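Novice: build me a model from this:
(chains A, B and C)
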Amino acid sequence: MDAIKIGPRGTRALWFCVITAALIVLPLIVTKPFAIDIFIRVLLFAFIGVAWNLMGGYAKQLSLGHAAYFGLGAYTSTILLIRFGISPWIGILAGGVVAMLASLPIGALCFRLRGPYFAIATIATAQVLMLLFLKFRDFAWGAEGTTLPNLGNSPLMMQFGAKAAYYYIALAMLALGLAITYRIERSWMGYYLVAVGEDEDAAEAIGVNAPRIKRNVYLISAFLTALAGTFYVQYIYFIDPNTAFSFNVSVEAALVSIVGGIGTLWGPVVGTALLEPTSALLQSSLGSGHGGVQLTVYAVILIAVILWRPTGLVGLFTDAYARIFRTAPTRVSEASLDA
Amino acid sequence: MLATVAQAVVNGLLIGGIYALVSVGVTLIFGVVKIVNFAQGEFVMIGMYISYFLATSLGMDPLVSLAVTMPALFVVGLLLQRFLIRRVLGLGDMPQIFLTFALSILIMNLALLLFTANYRTVQTPYTESAIHIGPIYIAVAKLIAFVLAMALSGALWAFLHTTALGKAMRAAAQNRDVAMLMGINPDRVFGVAVGLSLALAGAAGSLLMPFYPVYPTVGQSFVLMAFVAVVLGTLGNVTGALIAGLMMGVAESLGIQFVGADSGLIVVFMMLLLTLAVRPSGLFGGWTR
Amino acid sequence: MPELLVVRNLSKRFGGLRAVQDLSFSVGEGETVALIGPNGAGKTTSFNLITGYHRADAGSIRAFGRELVGMRPYDACALGLARTFQVGRPFGKMTVLANVMTGAFLRDKSPRGARTRAREAIEFVGLSAKEQTLASDLTTIDERRLEMARALATEPRLLLLDEVMAGLNPTEINQAVALVGQLSKRGLTIVIVEHVMRAIMAVASRIVVLDHGQKIAEGNPQDIVANKDVIRAYLGTGYAQEAPAGV
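Specialist: From the prediction side, this is the model:
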């Protein structure tokens, strides 16, 4: 009798199912709230990283101001919830739309600059938004922010008694982000994004409408980031300008992608899986009084990655995978763009 | 009313001198090494802390400590270029941006861990004194800072335009390959450029100490001003950075006077907006100098 | 023969430098016209103006019945204008196939269709064996081939080739000349900037000579190489040829 032959494609699919199943049952096995909290943070920041990666990784538009959209999403849904009693399930989408609308003028302005100056301009926009929301007392609670009303276990208002519920939402968001990235990567848009990221002028010469594609990827990236913002404030029941428009969010969005593998599908996931637990462990062992430690560690890791492996750590994994399963080592371009 | 405006302008010019000094440093690195130094503000901060500790432990006046901060930061600049910046040249935007960016975060947070977030100041005999020209009030400490900042910027300009090494630097800035063909060693030139730039940052720090508090994140506000000034003054153009730095100071001061106390960032953003919308290549747009 | 490209009074300054001054020439459909001149004559600048990479200060560029001045390069490409760059600009992170597919996507948004078209272009330039090679790993001449394949994948009607022969050895030049000839046979209109006279004589039906941004001569190859103004301005890799009696 012939053994069932599973080719490399089949093996990959099998692993995929196994991991997905493991992720789904994980919160049922590991029930300690502290652990689930870490899982949620990993999923959430991986999602934020994926959203950033579309723009920053593929198209090389290195934004350091994505917190702007995180915050806009968070504030939109919270304002709708507290002032108008609208469910955050609607609010989350509204936040996404607000973020998309904001990305248009911000993009129109910032895309006039290239490289580092684009980054600076994005930092400035996030800071300006933070300042504006620090001022808006009547509408948006100003500098003190507000706590979200605790409605107990009300799924329709995106509040859950069981922590695991948040885990599944975050997992679903990450899956959404990865699915979108996967589809884009394999379509003409993916090629165009990488072309613009590699050489915008050469891309324009072969018919790529660079301004339009940058605008479009920014819309998607802003939308997704805003979703994360709403989720976060629903999870921690608190919002204020410093949290919502936090520079740390902007940095982490870029950081996990760079460390994990800029411009790759799994890069942000790998990066977050490394960085988030590290920072959580640091925080718990040193206490939150040492806010500087986390960022110091992040900075050191970032410098190390840039100096020794600028393409990110995901390359290590694909090479290892290839060695274990004896397939030809895949390079970023082949794996993602030529299947 | 006129007196209020004049006062605001004078105040703006005085602090603008510091902005100009920091901007010149940023534009020098950018023009020669083609890298934006996100950490420039942190080197100002380092200069400030050096001056602070020299003042509190040895009683050294911050202006005297210029003799310490400038050479020290020059050496730091040489090392920075030799061991870090050189490794990311030619690798594209991402490594270059994030290297100095990470450096900025690293230095800032190390300072936070070492020195805590407390504001520290230095009192000198002239910290509180001022001179009066008509209705205009000029703080002596700021005036000295302005004069010295302009002197240092002028010295740099002279260096770039009269000395052999300075001209080599400008040559490397314009066309690195041809400069190499002419026998100019880019590494050496880049090292000096970074060294000078950081020395200027350190100088700015020392000059600030008599009238400005130091805390770990103090560099951030200066560097943001500097970045906008560099864009406004045209990337790589030293004179442009100087003039634009002064302009930023005046704009901020007028904003504080007539719009509100914390309108600084709004002003910065508005000036960036204006530049981008009207003249993206800066006031001196065209060739880099 | 209908004119596909008409350049009239084209001018461009960079600061104090008049890169192109009052340039006028036209290219008929199916023709191969060469643009020659000493270094700095304004040849590449002219290409940059035609493709919209820089905006002309004055003058008009008409092609495909439209005015190209003020048009962005990607819109011009969609109309049928393609170019190669003097220094190869491959998308280093992508394979050869992916590079060319990016060009093909202009005409066919489906990956399968784009792949097919890309493969055709790759085969035409002779890069099929290196389809999966990372563009950053290519040799210079293969980079040139990639540039051309990528431009061809956009299905141009007018192709601007910027010094495709530079740095090639004689065998490679022959191959390149053959490729250009084949393109011409397919009906493609070509404007080629070159220094390698041997190649120009082989492919061009007409030559336009620039010097210091201005056109100093225009005509068929035989006349041009004998033209005193041209010889005076441009002592390049020339074809020495005696002036016919009576000229």
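
Novice: could you use CA atoms for every contact and neighbour count after this?
Specialist: Noted.

Novice: so what's the residue count around A:L176?
Specialist: 15 (other CA atoms under 10 Å in any protein chain shown).

Novice: got phi/psi on it?
Specialist: Here the main-chain torsion angles of A:L176 (degrees, to the nearest 10) amount to phi -60, psi -50.

Novice: tell me where the stretch 101-250 of chain B has strands.
Specialist: In the stretch 101-250 of chain B, the strands defined using DSSP state E, counting those that start in this stretch lie at B:130-133, B:136-139.

Novice: which elements pack onto the first one?
Specialist: I take that to be strand B:130-133. Other helices and strands packing on strand B:130-133, by 3 or more CA pairs under 8 Å, 6 or more residues apart in numbering or on different chains; DSSP states H and E, are strand B:136-139, helix B:140-162.

Novice: ok, back up a step: quick one: closest of the strands of the stretch 101-250 of chain B to A:M173.
Specialist: Among those, the nearest to A:M173 by CA to CA is strand B:136-139 (56.3 Å).

Novice: helix/strand/coil for the nearest residue to C:E67 once chain neighbours are set aside?
Specialist: Using CA to CA, 6 or more residues apart in numbering or on different chains and skipping the chain neighbours, the partner closest in space to C:E67 is C:I61 (5.8 Å). Here C:I61 is strand, with the state taken from DSSP: H, G, I helix; E, B strand; the rest coil.

Novice: can you tell me how far C:I61 is from A:G207?
Specialist: According to CA to CA, to the nearest Å, C:I61 stands 19 Å off from A:G207.

Novice: looking at the two, which is more packed in?
Specialist: A:G207 (28 against 24).

Novice: assumed that one was part of a helix.
Specialist: No. Secondary structure of A:G207 (three-state DSSP): coil, not part of a helix.

Novice: my read: it touches C:G80, true?
Specialist: No. Contact criterion CA atoms under 8 Å: A:G207 and C:G80 do not qualify, at 9.5 Å.

Novice: about what we covered before: who does the residue nearest to C:E67 bridge with?
Specialist: In this entry, C:I61 is beta-bridged to C:V7, by DSSP bridges.

Novice: picking that back up, how about the helices and strands packed on strand B:130-133 in CSV, adding mean pLDDT, mean neighbour count and distance to chain A?
Specialist: Listed next are these as CSV, based on pLDDT from 0 to 100; neighbours: other CA atoms under 10 Å in any protein chain shown; distance: least, CA to the nearest CA, whole Å:
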stretch, mean pLDDT, mean neighbour count, distance to chain A
strand B:136-139, 88, 16, 30
helix B:140-162, 92, 18, 23
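
Novice: if we can go back for a sec, give me every residue that touches the residue nearest to C:E67.
Specialist: The neighbourhood of C:I61, defined by CA atoms under 8 Å, 6 or more residues apart in numbering or on different chains, consists of C:L5, C:V6, C:V7, C:R8, C:L10, C:I50, C:E67, C:L68, C:V69.

Novice: also A:I213?
Specialist: A:I213 neighbours (CA under 8 Å, 6+ apart): A:M189, A:Y192, A:L193.

Novice: so can I have TSV of the helices and strands packed on strand B:130-133 showing distance to A:N53?
Specialist: TSV is the format used below for those (distance: least, CA to CA, whole Å):
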stretch	distance to A:N53
strand B:136-139	49
helix B:140-162	40
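
Novice: closest one to chain C among those?
Specialist: Comparison of those against chain C by CA to the nearest CA identifies helix B:140-162 as nearest, at 21.3 Å.

Novice: thank you, goodbye.
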